[in-house]
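Engineer: predicted model and sequence below, questions to follow.
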Amino acid sequence: MTKQKPRISFEFFPPKTPEGKQKLLQETVPALNALGPEFFSVTYGAGGTTRDSTRGIVTSMREAGIDVAPHLSFGGDDEYAVGDLLDNYVNSGIKRLVALRGDMPSGMGASTQLVYANQLVEFVRQRCGDHFEIEVAAYPEIHPESDSYDSDIKFLKQKLDAGANSAITQYFYNVESYFYYLDRCADAGIDKPIYAGVMPITNFQNLARFSRNCGAEIPRWICRRMESYGNDQESVRKFGLEVVTQLCQTLIDSGAPGIHFYTMNQVEPTREIYNNLGLK
Ligand code: FAD
């Protein structure tokens, strides 16, 4: 029996400067597009802080014939603003969305009645019918604000039942947490794909800091090994590639439906991992 190729997607964030945007569109996107991903996605800054830049990038990519999904949250926006953005995406030929609750930047209050991501999914379905393929977020190591493991899965099901087509996970380095989570989701009656989010390791200090906030655990053995390299960036790079390639290989061998790479706008090391896996 031939194994099905996993679905591959690549995520970017909107660069802050015109030069960064130009580099992303003219160098990074073509280099990663050459690997043949199913689609790209572009994040949406907490509280809607990148509303225009996210839209600008996805529109340019769409005009270049690339399948791209804007992330969308209702953090700092009311329903009218989200509705306008959705209409704009429909008119631009965008066919996918990643729908999120999002996080608010500190000091900023929500300006909407919508509180959870399932309500955004309902809102999109009510306004746009089946136009969009909608992805939502999932947390194999459980969302940091969750009351319990089971309630987090219950709320994932609520988002999928509201009309999302599939989910993409927060990144993780404990592969068992992902497969255990898939089993518990199946027990809870979830039958839609849950794609694995994978974060290549580039800057370990930044990754460790970010992981503490988003509830992703970096196993002790990886931390200790990384710490032992100190400022030896080449060793950090090599070990990071080895760890993440092995993680992806296990995911593929064990039947994960697909991998979503958090590229951090870098061609390498995503391309190197991709090539190590022989996916091309
Ligand atoms: P929800 O699904 O609404 O869940 C949030 C919390 O509330 C969870 O603890 C959940 O268990 C709980 N909950 C859900 N529904 C209910 C309910 N009805 N009653 C009580 N509790 C409930 N952030 C950004 O700002 N921009 C991005 O572009 C972005 N992209 C992301 C992409 C992916 C693939 C992932 C995994 C995360 C992304 N995030 C992004 C982070 C995300 O916005 C945060 O993790 C946020 O805190 C939760 O968003 P959510 O959509 O999962 O929220």
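Structural biologist: Yep, that arrived. Just so you know, these numbers come straight off a predicted model, no measurement behind them. Residues are numbered from 1 along each chain as shown.

Engineer: what ranges does the stretch 151-280 of the chain have for its strands?
Structural biologist: Ranges of strands in the stretch 151-280 of the chain, per DSSP state E, counting those that start in this stretch, are 166-171, 194-198, 258-262.

Engineer: and the last one, what does it pack onto?
Structural biologist: The elements that strand 258-262 packs onto, with contact taken as 3 or more C-beta pairs under 8 Å, 6 or more residues apart in numbering; DSSP states H and E, are strand 7-12, strand 166-171, strand 194-198, helix 233-253, helix 270-276. Backbone N, C-alpha and C define where each C-beta goes, glycine included.

Engineer: can you tell me the closest non-neighbouring residue to Leu247?
Structural biologist: Val175 (5.8 Å; C-beta to C-beta, 6 or more residues apart in numbering).

Engineer: how much space is there between that neighbour and the ligand?
Structural biologist: Note on Val175: its distance to the ligand, by C-beta to the nearest ligand atom, to the nearest Å, is 17 Å.

Engineer: ok, Gln158 - how many residues close by?
Structural biologist: 17 (other C-beta atoms under 10 Å).

Engineer: average pLDDT for the one helix or strand Lys23 maps to?
Structural biologist: In this assignment (DSSP states H and E), Lys23 forms part of helix 18-23. Computed over helix 18-23, the mean pLDDT rounds to 97.

Engineer: and for stretch 233-240?
Structural biologist: pLDDT averaged over stretch 233-240 gives 95.

Engineer: follow-up on the earlier one: mind checking the strands of the stretch 151-280 of the chain for the one nearest to Phe12?
Structural biologist: With C-beta to C-beta as the measure, strand 258-262 is the member of the strands of the stretch 151-280 of the chain nearest Phe12 (9.2 Å).

Engineer: pull the CA atoms of the closest one into PDB?
Structural biologist: Output in PDB follows, covering the C-alpha atoms of strand 258-262 (Å, rounded to 0.1, in the frame of the first residue of the first chain):
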ATOM      1  CA  GLY A 258      -0.200  16.700   7.600                       C
ATOM      2  CA  ILE A 259       2.300  19.200   8.900                       C
ATOM      3  CA  HIS A 260       2.000  23.000   9.300                       C
ATOM      4  CA  PHE A 261       5.400  24.600   9.500                       C
ATOM      5  CA  TYR A 262       5.800  27.800  11.600                       C
END
